[in-house]
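Peer 1: here's my sequence, what's the structure:
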Amino acid sequence: MEKTKAPVRGRGGRPPKTDTAKNCVMVRFTDGEYARFLALFEQSGTLSKAAFVKARVFGDEFRVIRSDRGTMEFAARLTAFNAQFRKIGVNYNQIVKELHAHFSPKKALALLYKLESETRELVAVGTKIAALAEEFRQRW
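Peer 2: Predicted coordinates for the structure are as follows:
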């Protein structure tokens, strides 16, 4: 009896690149130049310093991405508030259905009147929010 050989398996891992980046260039900065370099690097939004340097050497566009923490916080809160507003709308529809299902028409109308007055206040708050958002959009 002959021993059967185990199947030949290839090496694991990802396939090798055809054109590897094997040439290295070194640059030295003074403290002032390095501080300026870091400031430009942070403004560019590039993930690595090497990619940033390559882009500058080969003349790619220089994009500056600025993020204002206050603007981001305002947008996040506005988004959360909009989600709450939608939840209130869903709850409003459920309340109206339940009122018509479980109460007499006269009692349902009385309760709907109270709900309507609260809804007017909610609409006033919503219009104020929309005005603030529009003012914010025009300003920034």
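Peer 1: what residues are up against residue 103?
Peer 2: Going by CB atoms under 8 Å, 6 or more residues apart in numbering, residue 103 touches residue 111. Yep, even glycine has a C-beta here, placed from its N, CA and C like the rest.
Peer 1: now do it, the pLDDT please.
Peer 2: Residue 103 carries a pLDDT value of 86.
Peer 1: again, but for the one 3 residues further on
Peer 2: At residue 106 the predicted local confidence, pLDDT, stands at 87.
Peer 1: and if you look at residue 28?
Peer 2: So residue 28 comes in at 92 (pLDDT).
Peer 1: switch to numbering from 7
Peer 2: I'll keep to 7 as the first residue from here, and by that count the last item is residue 34.
Peer 1: what about it, which SS state?
Peer 2: coil (DSSP: H, G, I helix; E, B strand; the rest coil).
Peer 1: from residue 43, how far off is it?
Peer 2: To residue 43, residue 34 is 11 Å away according to CB to CB, to the nearest Å.
Peer 1: higher neighbour count, those two?
Peer 2: Neighbour count, other CB atoms under 10 Å: between residue 34 and residue 43, residue 43 has more, with 16 against 6.
Peer 1: wait, that one touches residue 36, no?
Peer 2: No - in this structure residue 43 lies outside contact range of residue 36 using CB atoms under 8 Å: 10.1 Å.
Peer 1: where are the low-confidence patches of this structure?
Peer 2: 7-9, 12-14, 68-72, 146 (pLDDT under 70).
Peer 1: could you list the domains of it?
Peer 2: In the domain annotation for the chain, the residue ranges read 32-72, 75-145 (automatic domain parsing).
Peer 1: tabulate these (a markdown table), appending distance to residue 24.
Peer 2: A markdown table is the format used below for the domains of the chain (distance: least, CB to CB, whole Å):
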| stretch | distance to residue 24 |
| --- | --- |
| domain 32-72 | 19 |
| domain 75-145 | 42 |
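Peer 1: nearest to residue 21, of these?
Peer 2: Evaluated over the domains of the chain, closeness to residue 21 peaks at domain 32-72, with 22.2 Å, by CB to CB.
Peer 1: quick check: buried residues in whichever helix or strand residue 134 is part of?
Peer 2: Assessed by DSSP states H and E, residue 134 sits inside helix 111-145. For helix 111-145, a neighbour-count test (16 or more other CB atoms under 10 Å) marks 114, 118 as buried.
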